[in-house]
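Engineer: dropping a prediction and its sequence here:
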Amino acid sequence: MRVGRSEFIGHGSMTAGLVVGLLLIVGAGVASVFSLYARGQAGAWVSHTLLVRQLLTAVHTRMHEAEAAQRGYIITGDDDYLHAFNEAQQQIGPDLERLERLTAAKPQQQDRLKLVRSLARSRLERLNDGVERHRTGGFEAAALIVRTGRGKAVMERIRAALAELDQEESRLQAEREAVARQRERWLVASTVGGSGLGVVLVVLTSVHAWRSRRATAAAYEQLRTSELQLRESEIRYRTLFESIDEGFCIIQMIFDEHDKPSDYRFLEISPSFERQTGLVDARGKTMRELAPRHEEHWFETYGAIALTGQPARFQNRAEQLGRWYDVYAFRFGRPEDRQVAVLFNDITERKRTEESLEAANRELNDFATVVSHDLKSPLRAVSTLARWMQSDYADKLDGEARENLAEMVRRVGRMDRMIDELLAYSRLGRVEEKRQTVALDHLVAEVVHDLALSTRVHVRIAPSLPVVCGEPVRLRQLFQNLIGNAVKHADKPEIEVCIEWADAGSFWQFSVADNGPGIDERHFQRIFKVFQTLAPKDATDSTGVGLALVKRITERAGGRVWVESRPGPGSTFYFTWPKADAAELVATSSGLEAMDGEQP
Amino acid sequence: MNAGKPVLLVEDDELDVKTVRRAFKELHVTNPLARALHGEEALAWLRHEANGPPALILLDLSLPVMNGIEFLQAVKQDERLRRIPVVVLTTSRLEADKLTSFDLSAAGYLVKPVDYGQFVEVIRTLDMYWTLSETP
């Protein structure tokens, strides 16, 4: 993993950095200690020089003190002076000895010191001599010696020698101080450098540690997150796999030497597999082991998928399993693996339902056949026999009997029509017709013609009726019933029927107006219901199916039907029909010729 | 129609046979009327050499043993019978029946009117048409 690698690299560089840093600190420490030691040494030498110079000054001072005290004694004869003289004289010897020791390494200085010693000794001897004379000879004797002035010259030599010594020591002091200052700078440099380095190292190490810790934490977090995600998605897929209601399996196709699929082995099966197939412990087994009579087409289909990688969806029956399946299968893994994933669903129940539905539909159609054939035969028999009686026994029947027989024929005819219309309304026995482009100009003219209306009826059809899309038979029924109704219910000697159309947005709106008796508004709903008529049954031919059929046809097409009317001036029936879009018009334009007669 | 050749009426209902006979008589249709009870009987009659080809077959659809549709199928599959015009004469107005009949090359489809008077008119038209029409 990328993160782990960079982390590893970080560790290596950090270790190296630490080692180098530690070495630098140790080096700086050593340098500091050395500098400190050197500075100490240099300081000691400076102190040494200072001590020497101090002693030189002391010797000089003591000589003057001795001289001054001796003079005081000689002049005053006071013993205090003598005491001070002796004290100064006694100090000088040890001081000179210390100086000799201290400058032992410097021969030049030693020589100068020797000179000072001898001069000092000589001077002190003279001074002592003066004191002795004073004691024996009194002031005058001593003063003689002082007056000689020789003492002054000796003192001048001593001063000069001491000045030389001090000059040399001063030079040494400056030299040693310079060394000390240099050592000091070393010390400062090594200490500051070392601690600075240490601080920098600590900071760098801390920053690095912090960074790497942060990186590690982030990496860990990322790892944890991705692990979690992985686990989550694994759980999710596992759950999906475990709880999927569809059967799922991965199969290994087995081919014979001619690459013909001969069998397949179940590599992986979902828990739902057993419920979906009824096959127990299928994992690891082959289909032929589990169901030897399994149809060949299953093997062929899966084999083709494994070879071509072309997924397939199909429904098929598995005879030995006694089930129908809806299957989606696709190649799984690499092509050379020849594995197929199969997602399937037991649709036996659905198939059964479909079959029973088909059976029910068949029975319904059989019922329709029975109604239209067998129920109508006796009707026709009654009617025919009544007619024969009318003609065969014309001379034997009185007027009322003939009238009754005629009525009988009329009622039977009505029942015959009711049966036909009821069948039409119920859609039993009808054949679903393809939607076609229908030129209504043509169709309406045909309908009017086929109705064979009497000369009392004047039908006016608006020009340029639109072209619509629909089943020609339904459209015919629509106009047939509306025009037929207008004529059927007419109560005027001259019957006017007016067919018009209008553009109503996405619909065409058609109207069939008549000059009939009109309808009271409270009946507007009733008239569209099946078997509902407003006229008494014996007074009209109406069966009460026509408008119900009109309503059903328009509503199935997506349109609607309504009536505007009031008793007196007549009624106008409106209906709407959806406009066909251009694509539909083109697609269905082959059926422009209108249907005719009883032909389908 | 067609020079006195027989008309084969495939009809199980006795009254309907009687109605056709009566209509023929009224209309002075001279063709003899052969009658078969159902499809199988009709096929047997047709395949009987002595009978010769009929001028027309009038076929009811609702029949016992072998119904009208099955009979039409059998006739249209038979090389020697397929050109005999078969006119369906039934009570059914069901679209399915009309469609299947014409799919099986029926020469016509007539719905038996309930009223006898109209029935006679139907037969008159039928006779006129098949008198006029050329047949092979």
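Structural biologist: Sure, I can see it. Numbering: from 1, shown residues only, chains lettered A, B, ... in the order given.

Engineer: where exactly do the strands run in the stretch 501-600 of chain A?
Structural biologist: Taking DSSP state E, counting those that start in this stretch as the criterion, the stretch 501-600 of chain A carries its strands at A:507-514, A:561-566, A:570-578.

Engineer: can you put those in JSON lines and add mean neighbour count, mean pLDDT and distance to residue A:25?
Structural biologist: Yep, even glycine has a C-beta here, placed from its N, CA and C like the rest. Compiled in JSON lines, the strands of the stretch 501-600 of chain A are given as follows (neighbours: other CB atoms under 10 Å in any protein chain shown; pLDDT from 0 to 100; distance: least, CB to CB, whole Å):
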{"stretch": "strand A:507-514", "mean neighbour count": "22", "mean pLDDT": "91", "distance to residue A:25": "96"}
{"stretch": "strand A:561-566", "mean neighbour count": "17", "mean pLDDT": "88", "distance to residue A:25": "104"}
{"stretch": "strand A:570-578", "mean neighbour count": "21", "mean pLDDT": "91", "distance to residue A:25": "94"}
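
Engineer: out of those, which gets nearest to residue A:499?
Structural biologist: With CB to CB, the closest approach to residue A:499 among the strands of the stretch 501-600 of chain A belongs to strand A:507-514: 5.5 Å.

Engineer: using PDB, write down the CA coordinates of the closest one.
Structural biologist: The C-alpha coordinates for strand A:507-514 follow below in PDB (Å, rounded to 0.1, in the frame of the first residue of the first chain):
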ATOM      1  CA  PHE A 507     -58.100  16.400 -29.300                       C
ATOM      2  CA  TRP A 508     -60.500  16.600 -32.200                       C
ATOM      3  CA  GLN A 509     -64.000  17.300 -31.100                       C
ATOM      4  CA  PHE A 510     -66.900  15.900 -33.100                       C
ATOM      5  CA  SER A 511     -70.600  16.600 -32.800                       C
ATOM      6  CA  VAL A 512     -73.700  14.900 -34.000                       C
ATOM      7  CA  ALA A 513     -76.700  17.100 -33.800                       C
ATOM      8  CA  ASP A 514     -80.300  16.200 -34.500                       C
END
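
Engineer: what angle do that strand and strand A:570-578 make?
Structural biologist: Going by axes from the mean of the first three to the mean of the last three CA atoms, to 10 degrees, strand A:507-514 is angled at 160 degrees with respect to strand A:570-578.

Engineer: now the angle between strand A:561-566 and strand A:507-514, please.
Structural biologist: Angle, strand A:507-514 to strand A:561-566, by the same axes, to 10 degrees: 40 degrees.

Engineer: where does chain B come near chain A, residue by residue?
Structural biologist: By CB under 8 Å from any CB of the partner chain, the residues of chain B that approach chain A are B:13, B:15-16, B:19, B:22, B:61-62, B:90-99, B:102, B:109, B:111-117, B:119.

Engineer: show me where the chain has helices.
Structural biologist: In the absence of a named chain, this looks at chain A. Assigned by DSSP state H, the helices in chain A fall at A:2-76, A:79-102, A:107-147, A:150-243, A:272-277, A:287-290, A:296-308, A:348-370, A:376-392, A:399-426, A:440-450, A:472-488, A:546-557, A:582-587.

Engineer: that's the wrong chain, I wanted chain B
Structural biologist: Under DSSP H, chain B gives helices at B:14-26, B:39-47, B:68-77, B:95-103, B:116-132.

Engineer: could I get these as a markdown table with mean neighbour count?
Structural biologist: Output for these, formatted as a markdown table (neighbours: other CB atoms under 10 Å in any protein chain shown):
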| stretch | mean neighbour count |
| --- | --- |
| helix B:14-26 | 17 |
| helix B:39-47 | 19 |
| helix B:68-77 | 20 |
| helix B:95-103 | 19 |
| helix B:116-132 | 16 |
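
Engineer: include mean pLDDT when you put the ones you listed into a markdown table, please.
Structural biologist: What follows is these, written out as a markdown table (pLDDT from 0 to 100):
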| stretch | mean pLDDT |
| --- | --- |
| helix B:14-26 | 90 |
| helix B:39-47 | 90 |
| helix B:68-77 | 91 |
| helix B:95-103 | 87 |
| helix B:116-132 | 88 |
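
Engineer: who wins for proximity to residue A:51 among the ones you listed?
Structural biologist: Of all these, helix B:95-103 comes closest under CB to CB, at 144.0 Å.

Engineer: quick one, that closest one and helix A:348-370 angle?
Structural biologist: Per the same axes, to 10 degrees, the angle that helix B:95-103 makes with helix A:348-370 is 80 degrees.
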